[in-house]
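Novice: I would like the atomic coordinates for the input below:
(2 chains)
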Protein chains: 2
Amino acid sequence: MSVLQEISPNVRNMIQLESTVLAIRARQIKEELRQKVRKPYKEVIDVSWGDPHRAGVKPLSFVRQVLSACLYPQLLNSDTLPVDVRQRAQTLLAGCDAGSVGSYTAAAGISEIVCRVSEFITRRDGGVPSYPEHIFISPGSQWALTSILNVLVNSEASPRTGVLTPVPCYSTATLSIMGLGADIVPYYLSEEQGWELQVEELHRALDSAKGACNPVALYVINPGNPTGHVQSRKSMQEVIRLVAEKRLFLLADEVYQDCVYGENSEFVSYKRVLAEMGPPLSDTVELASFHSASKGIMGECGLRGGYVELVNLDPAVMKYIYKLFSTYSCAPVLGQIALDLMMNPPQPGDPSYPLYSEETQHIRSTLAHNVKRVFEVVNSLPCFCCQPVEGGAFAFPRLHLPHKAIEKAKEMGMQPDMFYCVRLLEDAGVLVSPGQDLGQKEDTYHIRFCIMTSEDTMEEALRRLSSFQTQFMKVFS
Amino acid sequence: MSVLQEISPNVRNMIQLESTVLAIRARQIKEELRQKVRKPYKEVIDVSWGDPHRAGVKPLSFVRQVLSACLYPQLLNSDTLPVDVRQRAQTLLAGCDAGSVGSYTAAAGISEIVCRVSEFITRRDGGVPSYPEHIFISPGSQWALTSILNVLVNSEASPRTGVLTPVPCYSTATLSIMGLGADIVPYYLSEEQGWELQVEELHRALDSAKGACNPVALYVINPGNPTGHVQSRKSMQEVIRLVAEKRLFLLADEVYQDCVYGENSEFVSYKRVLAEMGPPLSDTVELASFHSASKGIMGECGLRGGYVELVNLDPAVMKYIYKLFSTYSCAPVLGQIALDLMMNPPQPGDPSYPLYSEETQHIRSTLAHNVKRVFEVVNSLPCFCCQPVEGGAFAFPRLHLPHKAIEKAKEMGMQPDMFYCVRLLEDAGVLVSPGQDLGQKEDTYHIRFCIMTSEDTMEEALRRLSSFQTQFMKVFS
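Specialist: Residues are numbered from 1 along each chain as shown, chains lettered A, B, ... in the order given. Sure, this is the predicted structure:
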């Protein structure tokens, strides 16, 4: 493989993301600022990733205290940490081999934690049973998604394996599907209807795949990334009927289940809706549901902990999935523990409850504030239009770019929204992602930015965006 | 994929490991012991994995202190932790976005840590330069190996891609190669010569692949897993000349580089030997070298931190590798930090140095003791023969099983060494891996066990193995 032509074609087919270029430039700008190069801003605001801590959200004390005690058990003997923190750490360490977070765990995760994940799911779904043997803990949900896709995608098949994938969709998901040698079968979410998933569009997408590839799975993201849409029960029922009819495996990315802001929105899991629909659907539709400690209020992206629950899979297939997970030893133990803490927070009466409650309330009210302000401010700007953010971590407003800006972008060999993002970064020090990385209808342009930030960060980002947009429109109108 | 036949053939081709069966049975036995079922032992000794903490090795205080302070920075303000620990944590947190280990990092790892990894490599290799842009931090070395293989293996190619793989070889490596759709091209290590890698055997293996597959890479493990062999410079030079001649990519698994016990053995990296051989070899041979925080004295398996250094790769190919790593966001931050601490331990004069030095000396002398005792005891047993363990974490002694035992195994539908392992587990409560999972010459039988244990654990394991073996021979002779 001394030359590019010899590398795996699956890897070669992975597209180049513009965000990478932007991120590299952002690092250079930070360095320039350190070297006192004069800019119209003192620091870069990075809202390009779904990374709450990076965007100024504070870690939860309870979580960090338990984790630090698990790492350094001498802390269990001092009064530095609250008593419930120490008890929790002790219970968690009892699940680790030889009481060390440095030991490998079972391939699917520490069995006690896996059991508590299944209890969490059962509670969440109003009693719909969940079984520990159907749950695999992974280094983040993305990793689990890729592993399940690895089982579904036959890279030697002809026609190729297809995966129905939403447009827009966060880019690592599409990259993973491509990297495994599958074909993306795009279905477009309806922006005008608040980024709704419309089942007729799924039919159109399936028709379009005829003769080109063999679609085996439908990938849905609810709450949406980057759309912020939260699916209704009715829409989910339609989706379930469709996958049953077309014999598709349903991949439900539900990592933002804890982040719902819309007054009339509610997160319901696909597992629950499927169970409520009863047999034969509830006994036959194959479903993988993903969740993560990176997302939600906790936002512990760096610890890398997620899980997948598998429903209605052939036990023989489950064995192979176990084997695949085994090849990577196990998920990071501290990520596993973070997942456990996310699902089992302190309860009223626990010494850590008041602080935990205060911190999480603060984050929730910040997010509610941010979502409201983004909607107000972005929609007040000329040529910007943002659907309500009902859930998730992102806003994905549409940009109506003036003709002159589109021409200028072409002149510079860039897509128009990439051109906009480059200017926004250079002139205002705000790093966002261009819509082209996430997918969008032809001749529409968007930007994505994270709304999981501190209030101050969001206000400053919106202030910069507003004055940049006014200036940009002046130059290019 | 409601049926097994529909899943990816690559995944379906992954073999079933007998160790999995043994591990499940070991868990049942532990449960039986908890329920006071009478057994000839009070607890199961698990030496089946290369997992030092599980086998009784204690975590290093310095490492755990720094990690806990990084997680819970309030500890930086108290005197609970030594001052150099707090300084180190502060420096590390400065490399994390927004000072939180909960933020994602760059795909290749925190840039400051990547730089320190390259400095470590340069020191280790006597000044041979190492460049940060050639280093990728990963959730364990196995993960990095699979990612590099992913780039090398063309699952659509005909003939199929082949990877030269040692026999014996730890099983997750072979599973990964199979799982990617490549063919294993086995080359046998010479047990009689202390598990030496012989270059003539590589030629034989390459000849055997003719017409069957297209070998693109040679995978070597040094120090060996499970063999315990440490390669000589001369042997490595021969290997390098061969891969240059045959245009093979060299995958050097060097995770046990810090664990060398043989008096006349020394670890030298492939990178260094390659550099010493000068141009044209040093400018052309493509090499990936893997290392890990799981292995070595630190033994932090559960944190999942490793790296790969890539040498002489086409920059265009490097771009794709970066992209592939990007799809998984980043390695766990605490695993990255563990890696950094492994490479930059406390120095004489630092407040943490005396304790660190005491703890690591203790582990090193324990390992030296274990290696010596394993050699003495195992070789004193009837029908057992163990090559000297010069490095690594395992002993892989050969078992000369009596005919009656082989017959009995066949009767029970088991491979003879699996039968031995099952009996050893049931009768003596010692969990080891059967040679068949690691590969061995036909009609030879081995077991693998970890020597990275506490002295007590090793002595007890050897005591049980000795009396079991005596009894076993009595029954089956």
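
Novice: Please make it C-alpha for all contacts and neighbour counts, starting now.
Specialist: Will do.

Novice: What residues does residue A:150 make contact with?
Specialist: Going by CA atoms under 8 Å, 6 or more residues apart in numbering or on different chains, residue A:150 touches A:180, B:8, B:11.

Novice: okay if I get these as a markdown table plus pLDDT?
Specialist: Below are the contacts of residue A:150 laid out as a markdown table (pLDDT from 0 to 100):
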| residue | pLDDT |
| --- | --- |
| A:180 | 85 |
| B:8 | 80 |
| B:11 | 77 |
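
Novice: Now residue A:226, what are its backbone angles?
Specialist: phi -100, psi 10 (degrees, to the nearest 10).

Novice: Repeat that for residue A:350.
Specialist: phi -70, psi 140.

Novice: Quick check: residues of the stretch 1-150 of chain A near chain B?
Specialist: Taking CA under 8 Å from any CA of the partner chain, the part of the stretch 1-150 of chain A that reaches chain B is made up of A:1-4, A:6-12, A:14, A:16, A:51-56, A:59, A:61, A:64-65, A:67-69, A:71-72, A:97-98, A:100-105, A:139, A:142-143, A:150.

Novice: just the buried members of these?
Specialist: Those of the residues of the stretch 1-150 of chain A next to chain B that meet the buried threshold are A:1-2, A:4, A:7-12, A:14, A:51-56, A:59, A:61, A:64-65, A:67-69, A:71-72, A:97-98, A:100-105, A:139, A:142-143, A:150, by 16 or more other CA atoms under 10 Å in any protein chain shown.

Novice: Just to be sure, which of those are found in helices?
Specialist: Per DSSP state H, helices hold the following members of these: A:9-12, A:61, A:64-65, A:67-69, A:71, A:142-143, A:150.

Novice: okay, now the domains of chain A?
Specialist: Using automatic domain parsing, the domain parsing of chain A gives A:4-56+A:360-476, A:94-343.

Novice: how long is the last one end to end?
Specialist: The separation between the terminal residues of domain A:94-343, taken as CA to CA, to the nearest Å, is 18 Å.

Novice: rewinding a little: so which of the contacts of residue A:150 is the closest to residue B:245?
Specialist: Ranked by distance to residue B:245 (CA to CA), the contacts of residue A:150 are led by residue A:180 at 31.3 Å.

Novice: hang on, isn't that closest one packed against residue A:152?
Specialist: No. Applying CA atoms under 8 Å, one finds residue A:180 not in contact with residue A:152, separated by 9.8 Å.

Novice: who has more neighbours, these two?
Specialist: The residue with more neighbours, out of residue A:180 and residue A:152, is residue A:180; 26 against 23, by other CA atoms under 10 Å in any protein chain shown.

Novice: got a list of what that one touches?
Specialist: Contact analysis of residue A:180 by CA under 8 Å, 6+ apart lists A:10-11, A:149-150, A:153, A:155.

Novice: Pick the one among the residues you listed closest to residue B:325.
Specialist: residue A:11 (11.0 Å).

Novice: Next up, the contacts around the closest one.
Specialist: Residue A:11 neighbours (CA under 8 Å, 6+ apart): A:178-180, B:150-151, B:320, B:324.

Novice: Is the one residue in the stretch 301-450 of chain A that gets nearest to chain B in a helix, a strand, or coil?
Specialist: Closest to chain B within the stretch 301-450 of chain A is residue A:302: 4.2 Å, counting by CA to the nearest CA. Secondary structure, DSSP: H, G, I helix; E, B strand; the rest coil: residue A:302 is helix.

Novice: Then residue A:288?
Specialist: When classified by three-state DSSP, residue A:288 comes out as strand.

Novice: what's the pLDDT at residue A:17?
Specialist: Looking at residue A:17, its pLDDT reads 77.

Novice: report the angle between the axes of the top helix by length along chain A and helix A:61-71?
Specialist: Longest helix in chain A, counting residues (DSSP H): helix A:353-380. With axes from the mean of the first three to the mean of the last three CA atoms, to 10 degrees applied, the angle from helix A:353-380 to helix A:61-71 works out at 120 degrees.

Novice: Do helix A:353-380 and chain B come into contact?
Specialist: No. In terms of CA under 8 Å from any CA, no part of helix A:353-380 sits within range of chain B; the closest distance is 14.8 Å.

Novice: now what about the helix or strand just after that helix, what contacts it?
Specialist: Tracing the chain past helix A:353-380, the next element assigned as helix or strand by DSSP states H and E is strand A:384-385. Residues from elsewhere that reach strand A:384-385 (CA under 8 Å, 6+ apart): A:378-379, A:397-400.

Novice: Name the strands paired with the next helix-or-strand element following strand A:384-385 and say parallel or antiparallel.
Specialist: For strand A:384-385, the following helix or strand on the C-terminal side (DSSP H and E) is strand A:394-395. Using DSSP bridges, the strands paired with strand A:394-395 in its sheet are strand A:445-450 (antiparallel).
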